[in-house]
Every structure is written in C-alpha cells, then in structure tokens.
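Peer 1: Generate coordinates for the sequence data below:
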Amino acid sequence: MVVGAEGTREQPNTEPGRQIAPEPGVQGSRRVITPELLRSLALFASLDDAALQAVALEAADVRLNAGEYLVQEGDSVAFFVLLEGQLDVSKEVGGVLQTLDTYGPGDSFGELPLLLGTSATVNLRAAGAVRVLQLDGPDFLALLAHSEALAATVMANMTRRVRNLQRVTLGAPVVPTLLVGSADDLRCFRLREFLSRNQVAFRWLDPESPVMACDLPPLEAGPLPAVILPGGEVLRQPDVQEVARRVGLQVEPHLPEYDVVIVGGGPAGLAAAVYGASEGLCTLLLDKEAPGGQAGTSSRIENYLGFPTGLSGAELSARALRQARRFGAEVVITREVTALEPGETGHTVVLDGGDRVQAQNVVLAMGVEWRKLPLPDAGRFVGRGLWYGAARTEAPGTRGKDVYLIGGGNSAGQAAMFFSNYAARVSILIRADRIEQGMSQYLVAQLRVRPNVRICEHCEVTALRGDAHLQGLTVHHRDTGEDEQVETDSLFVLIGADARTDWLGRTVLRDERGYVCSGLDLAPQNAWPLERDPFLLETSVPGVFVVGDVRRGSIKRVASGVGEGSMSIALIHQYLALEPGGRNA
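Peer 2: Residues are numbered from 1 along each chain as shown. Below you'll find the model as predicted:
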C-alpha cells in the first residue's frame with residue numbers, strides 16, 4: 001500500500017452532472033469501505049486524506065454470520081478492525097477452551113502475530129452478524145510506518161493482549177489429567193503413549209522416582225497405573241477405551257450411515273477426511289489407536305512441503321485432525337475394524353464389539369506397522385527399554401544415556417538428530433555398508449557433523465539382555481564377524497514396516513505381503529467385475545478405495561500419502577456420479 005499526498009491510486013473520472021452523496025460506507029446498493037467510514041473510527045483519526053483513501057482501496061470488507069470463525073488458532077493472519085457486530089476471543093489452554101475477551105465495533109486486532117511473525121494465537125468467532133475491515137501484512141506495516149500516532153495505538157493494544165494471554169495461560173491448570181505409574185509397567189507405557197498420541201494434555205508421575213514423588217497428589221493405596229481426572233476421580237488400571245471416553249474423545253459413530261468411511265488415521269486417512277468433509281460428504285474416520293499413524297511417531301520431518309524448519313509427526317497429525325473436525329468429519333478412535341462386507345448399493349464396515357456402519361464408499365488407509373525385532377526376548381522388553389518408532393515424548397527419558405537406534409531410513413535419521421539433543425551418545429545400527437542407501441542426503445549430512453551421533457554400518461543386533469528392564473545388547477559386526485557387548489537401557493527400532501490386513505481376508509485383492517491391489521494391478525489378476533475400468537486407487541471391490549502405505553506399489557512418503565488421500569475423494573465423486581443410486585447419479 002502506498003500512502004501519502006501523491007501515492008494514492010488514481011480514480012476513474014466521473015461524468016459531470018448532479019450526484020447524490022452516499023452516506024459514509026455506502027456506494028450504490030452495497031456498503032463498501034470508504035475514507036468517510038474510516039474517518040469515523042478513532043484508530044484512523046490521525047491519518048490524512050491520502051492515507052485514508054489508500055486504506056479504503058486496499059482493505060477487504062469481510063462479512064461473517066453468527067458462529068463463523070474469522071480466525072482460528074494456528075491460522076495465518078492479517079490486521080483487522082471490527083466495524084459491526086461482536087467477536088468472541090478464545091484460546092485452548094491445557095486442553096480447555098478459555099474465553100479471553102470480546103471485541104466490539106472499533107476494536108483492532110491481529111497486530112500481535114503480524115509483528116512477531118507467528119500464526120494466530122487465539123480464535124475469533126462471530127457472536128452475530130459481523131463486518132470486519134481486513135488489511136494484509138505488507139499494507140499494515142506500511143500504514144504503521146506512515147503514522148506514528150496509529151503505530152503507538154497499535155503497540156499499546158499489543159502490550160495489553162500479551163498481558164491477557166499471560167494471565168490466562170498462567171492462571172489455567174497446567175495439566176488437567178495425571179497418570180501415575182511405573183516406567184517399567186507396560187500398561188502405564190501404553191496409556192502414556194495413547195494420551196500423548198491423541199494430543200491429550202497430561203502429566204506422568206512415577207512413584208518410584210524421588211524427583212517425582214514429591215509432586216504426587218494424595219492417592220489411596222491401590223493398583224497402578226492410575227489416571228486422575230481433572231475433577232479428582234481416579235481410574236484404576238483402565239483400558240485405553242475407558243480413558244478415551246472419560247477425557248472426551250469420540251469412541252462411537254454418531255450415525256448409522258455415511259457417504260465415506262475411512263479406515264485408518266495416518267496422513268493419507270486424515271487427508272481423505274479433510275477433503276471428504278470439506279466437499280460435503282458425510283465422513284467418518286476410524287482408527288484403532290490414534291490419528292497420525294506411523295508418521296505420527298516421527299520426531300522430526302524436515303522435507304515436507306511448506307514447512308521449511310520442519311515439524312514433528314505429532315504436530316502434522318494434530319493440525320490435520322483439527323482441520324478435519326473443523327469441516328465436520330467424525331473421528332472415532334480405539335475402535336478396530338474387523339470386517340468389510342461389500343454390497344451392491346453400499347458397504348458394511350464391522351467394528352469390534354459387533355457395531356456396524358453403512359458406507360457408500362470406503363477408503364482403506366490403515367498404513368503399515370513397525371516391523372518387530374526378530375529376537376526371542378524382544379516382546380518382554382517393549383516399553384521397558386525397547387520402543388518401536390521414536391515418539392518425541394520418549395526423548396527426555398534418554399537424557400545423559402547411550403541410546404541405540406536400529407534402522408537406516410529417514411525415520412531413524414530424524415530420531416537420531418532429535419535424541420542427540422538429550423542423550424550423551426546416539427548410535428545408529430544398520431546392516432548395509434552405506435547409510436546413504438536408505439536415507440536422504442540432507443539427513444546424512446546433518447548426522448555426520450553431529451558430535452554425539454555415531455553411524456555403525458555392517459551391524460545388527462543379535463541378542464538382548466536384562467531382567468525386568470533392558471540392560472544391554474549383543475551387536476554383531478557383519479564385516480569382521482565379531483560380536484560386541486554394549487550396555488544400554490534405550491533401544492529404538494525403526495526397521496521398516498508390514499501391512500496388517502489379515503482382517504480383509506479375500507474381500508479385496510491383496511498381494512503376497514498383504515498390500516492391497518488397485519487400479520492397473522487388478523487387470524493381470526482378472527479381479528475387476530465391471531465393464532468400466534477401475535479408478536486409479538479403486539480396489540477389486542467397486543467403491544472401495546485404498547491409499548497410502550498399505551496400497552501395493554505406493555511411494556512410502558508422507559507427502560505421497562497426503563496426495564493419495566485427497567485424490568481418493570475426487571475419485572469417489574466420479575464414482576458417485578457413475579454408479580446407479582450414487583449420491584450424484
């Protein structure tokens with residue numbers, strides 16, 4: 001925006017003749033932002049005519065109905081001035097939505113994230129019909145440079161809002177849910193993993209830790225683990241589904257029938273949920289554990305488009321989950337799909353416990369699961385020194401330790417980089433002779449210059465030892481034939497993944513490794529029943545699609561899964577338009 005006596009845009013000439021002067025803010029049949037309207041606002045009182053004209057030309061005139069969001073936490077922002085109506089300001093703190101303020105006509109906002117270079121820190125929702133002036137970032141900054149008086153007002157508002165955020169954040173409960181249990185208790189480990197992956201704010205207290213014992217709330221003797229809810233109620237040795245219900249997560253479908261049922265909540269499934277719900281399809285996503293899938297356990301993803309500084313798998317999953325719910329998708333967790341029953345006009349998805357939901361279309365997005373370490377004692381050390389994947393929540397437990405990772409892919413490299421900020425040393429064990437064979441070059445370059453990261457090629461773990469907890473490994477050096485005994489109580493396994501699709505049986509065509517076939521893969525098997533060709537991601541059952549890592553021949557990358565998930569919805573629209581009785585037929 002150019003402001004100043006000679007910096008305004010030239011207006012088209014009007015024909016001579018008598019004109020009826022409009023009221024401020026009204027031109028023709030539609031009210032618009034005019035210099036006269038701006039002059040009536042205290043914020044712009046110090047601006048000269050040229051600057052007012054420039055603002056009027058650059059500003060957007062945003063209208064909202066009751067209940068609509070102008071901005072949600074995490075969104076990109078602009079500078080706003082409320083012209084009419086009322087906006088409610090809220091923020092989620094400790095898992096609870098807190099009301100911060102209410103804006104009325106004349107209030108301005110948006111300057112805090114713009115000046116700090118961040119995304120929106122609060123939600124702004126219309127309490128009724130609302131009209132807002134919007135200036136984009138560059139125009140706002142030019143305006144500040146033009147008027148010292150306006151800049152002073154804006155800075156005063158920013159200071160007040162920082163104080164409000166500080167007051168609400170510090171005054172809210174830090175952690176509304178407590179988990180009490182031993183580090184070596186497998187049930188405690190599973191609850192901790194479940195709460196963390198489902199973005200439930202909680203604090204874990206180990207009664208066997210001297211540091212944590214002083215923080216334990218009064219708790220009667222009883223079996224552990226125990227979950228203490230915000231109201232003080234104690235759940236003794238609960239299963240994850242009970243905990244999910246009590247912390248407000250959805251564990252039951254609300255409807256008997258949906259346009260689209262998505263099985264699996266990894267990046268591909270979440271993308272399908274976002275695009276399905278946003279395009280008007282009644283959408284249900286089912287996941288047996290937590291949205292995010294295998295990618296949700298990645299400690300850092302640095303090559304995902306649009307995030308130049310990287311983000312964790314948990315952050316990516318949380319953003320996508322919030323987006324899907326915002327568009328109206330139902331997300332049900334802790335429920336496992338046990339069967340798929342195809343039908344001529346729709347399909348039945350059978351859940352554990354016998355619940356059934358109908359779907360015009362089904363998207364299989366189960367992803368894959370970490371391949372288990374093929375050693376006799378591996379099972380008894382899970383959660384007791386051995387972990388599959390590398391969630392960020394495990395990083396503090398590695399502080400000052402010698403940590404070992406098995407795996408030569410990007411997930412292992414990302415985990416090693418993250419854990420090296422806590423551990424005394426991180427050793428990556430791979431069977432190959434060069435780590436570059438399976439890992440992106442940018443990660444290899446970072447690992448080689450990290451002083452406390454060691455890359456051990458030609459190595460494999462052949463034995464584990466320990467009593468109740470992992471205490472050491474036997475590492476076999478394939479190039480020399482020697483065995484090395486190492487001491488560690490932290491081993492993270494990231495050695496590839498397998499498709500877990502046995503529940504599908506012979507319902508859809510799968511290959512010998514359990515991956516689901518689709519599109520062109522169906523023709524050689526004579527597995528397609530219709531005269532038309534199958535859609536690219538369509539399985540051997542018309543109307544059932546497969547996306548992401550579980551699809552035969554897919555590219556095992558987060559971006560690829562997201563692309564396939566979104567593409568499946570476009571194909572579903574085509575399917576519904578073609579099939580008799582389809583939604584768009």
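Peer 1: And stretch 159-167, how far out from the chain middle?
Peer 2: Centroid separation for stretch 159-167 versus its chain: 27 Å, with CA atoms, centre = their mean, to the nearest Å.
Peer 1: burial of Gly67, as a residue count?
Peer 2: Residues within reach of Gly67, counting by other CB atoms under 10 Å, total 9. Any C-beta I mention is one placed from the backbone N, CA and C, and that applies to glycine too.
Peer 1: from what I can see it touches Arg125, true?
Peer 2: Yes: assessed by CB atoms under 8 Å, Gly67 is found in contact with Arg125 at 6.9 Å.
Peer 1: mind listing the helices for the stretch 151-300 of the chain?
Peer 2: Under the criterion DSSP state H, counting those that start in this stretch, the stretch 151-300 of the chain contains helices at 186-197, 210-213, 240-246, 267-278.
Peer 1: What residues sit buried inside the first one?
Peer 2: Of the residues in helix 186-197, those scored as buried under the neighbour-count criterion (16 or more other CB atoms under 10 Å) are 187-197.
Peer 1: need those residues in a markdown table with pLDDT, can you?
Peer 2: Formatted as a markdown table, the buried residues of helix 186-197 follow (pLDDT from 0 to 100):
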| residue | pLDDT |
| --- | --- |
| Arg187 | 90 |
| Cys188 | 91 |
| Phe189 | 87 |
| Arg190 | 89 |
| Leu191 | 93 |
| Arg192 | 90 |
| Glu193 | 86 |
| Phe194 | 91 |
| Leu195 | 91 |
| Ser196 | 86 |
| Arg197 | 86 |
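Peer 1: Name the pair among the residues you listed with the greatest separation in space.
Peer 2: Using CB to CB, the two most remote members of the buried residues of helix 186-197 are Arg187 and Arg197, lying 15.9 Å apart.
Peer 1: for the nearest residue to Asn421 once chain neighbours are set aside, what are its contacts?
Peer 2: Sequence neighbours aside, Ala395 is the residue nearest to Asn421 in space, at 7.3 Å (criterion: CB to CB, 6 or more residues apart in numbering). Contacts for Ala395 were tallied using CB atoms under 8 Å, 6 or more residues apart in numbering; they are 299, 418-419, 421-422.
Peer 1: same thing with Gly543?
Peer 2: With CB under 8 Å, 6+ apart, Gly543 has these contacts: 342, 346-347, 360-362, 575, 579.
Peer 1: in a strand, that's where Gln98 is, yeah?
Peer 2: Yes: using DSSP: H, G, I helix; E, B strand; the rest coil, the secondary structure at Gln98 is a strand.
Peer 1: Who does it form a beta bridge with?
Peer 2: For Gln98, the beta-bridge partners are Lys91 (DSSP bridges).
Peer 1: Check the one 5 residues further on too.
Peer 2: When bridges are taken as DSSP bridges, the partners of Tyr103 come out as Leu87.
Peer 1: What helix or strand is the residue lying closest to Val544 once chain neighbours are set aside located in?
Peer 2: Nearest residue to Val544 in three dimensions, chain neighbours excluded: Val362, at 4.6 Å (CB to CB, 6+ apart). Val362 belongs to strand 356-364 when assigned by DSSP states H and E.
Peer 1: I'd like to know which elements that strand is packed against.
Peer 2: In terms of contacts (3 or more CB pairs under 8 Å, 6 or more residues apart in numbering; DSSP states H and E), strand 356-364 is packed against strand 257-263, strand 347-351, strand 544-546, helix 558-578.
Peer 1: and Leu520, which of those is closest to it?
Peer 2: Here strand 544-546 is closest among the helices and strands packed on strand 356-364 (CB to CB), at 13.1 Å.
Peer 1: What is that closest one packed up against?
Peer 2: Where contact means 3+ CB pairs under 8 Å, 6+ apart, strand 544-546 is packed against strand 356-364, helix 558-578.
Peer 1: Now the ones you listed in a markdown table, please, with extra columns for mean neighbour count, distance to Glu148 and mean pLDDT.
Peer 2: Listed next are these as a markdown table, based on neighbours: other CB atoms under 10 Å; distance: least, CB to CB, whole Å; pLDDT from 0 to 100:
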| stretch | mean neighbour count | distance to Glu148 | mean pLDDT |
| --- | --- | --- | --- |
| strand 356-364 | 23 | 56 | 97 |
| helix 558-578 | 21 | 46 | 94 |
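Peer 1: Which among those is found nearest to Leu37?
Peer 2: Using CB to CB, those put helix 558-578 closest to Leu37, at 41.0 Å.
Peer 1: which secondary structure elements does the closest one contact?
Peer 2: strand 257-263, helix 267-278, strand 356-364, strand 544-546.
Peer 1: hmm, try it at 10 Å
Peer 2: Helices and strands touching helix 558-578, by 3 or more CB pairs under 10 Å, 6 or more residues apart in numbering; DSSP states H and E, are strand 257-263, helix 267-278, helix 313-326, strand 356-364, strand 544-546.
Peer 1: now the helices and strands packed on strand 356-364 in a markdown table, with distance to Ala463?
Peer 2: Output for the helices and strands packed on strand 356-364, formatted as a markdown table (distance: least, CB to CB, whole Å):
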| stretch | distance to Ala463 |
| --- | --- |
| strand 257-263 | 38 |
| strand 347-351 | 40 |
| strand 544-546 | 38 |
| helix 558-578 | 34 |
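Peer 1: Out of these, which gets nearest to Ala45?
Peer 2: Proximity to Ala45 (CB to CB) singles out helix 558-578 among these, at 47.7 Å.
Peer 1: could I get the closest one in PDB with only the CA atoms?
Peer 2: What follows is helix 558-578 as a C-alpha-only set of coordinates in PDB (Å, rounded to 0.1, in the frame of the first residue of the first chain):
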ATOM      1  CA  VAL A 558       4.100 -38.600   4.000                       C
ATOM      2  CA  ALA A 559       3.500 -36.200   1.100                       C
ATOM      3  CA  SER A 560       2.600 -39.100  -1.200                       C
ATOM      4  CA  GLY A 561       0.100 -40.400   1.300                       C
ATOM      5  CA  VAL A 562      -1.500 -37.000   1.700                       C
ATOM      6  CA  GLY A 563      -1.800 -36.700  -2.100                       C
ATOM      7  CA  GLU A 564      -3.400 -40.100  -2.500                       C
ATOM      8  CA  GLY A 565      -5.800 -39.400   0.400                       C
ATOM      9  CA  SER A 566      -7.000 -36.200  -1.200                       C
ATOM     10  CA  MET A 567      -7.200 -37.800  -4.700                       C
ATOM     11  CA  SER A 568      -9.400 -40.600  -3.400                       C
ATOM     12  CA  ILE A 569     -12.200 -38.100  -2.700                       C
ATOM     13  CA  ALA A 570     -12.000 -36.800  -6.200                       C
ATOM     14  CA  LEU A 571     -12.300 -40.400  -7.500                       C
ATOM     15  CA  ILE A 572     -15.200 -41.000  -5.100                       C
ATOM     16  CA  HIS A 573     -17.100 -38.100  -6.600                       C
ATOM     17  CA  GLN A 574     -16.600 -39.600 -10.000                       C
ATOM     18  CA  TYR A 575     -17.800 -43.000  -8.700                       C
ATOM     19  CA  LEU A 576     -20.900 -41.500  -7.100                       C
ATOM     20  CA  ALA A 577     -21.700 -39.800 -10.400                       C
ATOM     21  CA  LEU A 578     -21.400 -43.000 -12.400                       C
END
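Peer 1: the inter-axis angle of it versus helix 313-326?
Peer 2: Relative orientation of helix 558-578 versus helix 313-326 (axes from the mean of the first three to the mean of the last three CA atoms, to 10 degrees): 20 degrees.
Peer 1: packing partners for the next helix or strand after the strand holding Val362?
Peer 2: Next helix or strand after strand 356-364 toward the C-terminus (DSSP H and E): strand 369-370. The contact analysis (3+ CB pairs under 10 Å, 6+ apart) places strand 369-370 against strand 386-388, strand 497-498.
Peer 1: Give me the residues contacting strand 369-370.
Peer 2: Strand 369-370 has contacts (CB atoms under 10 Å, 6 or more residues apart in numbering) with 289, 293-294, 297, 387-389, 407, 411, 493-500, 549.
Peer 1: and Val349, what are its bridge partners?
Peer 2: With DSSP bridges as the criterion, Val349 is bridged to Leu340, Val357.
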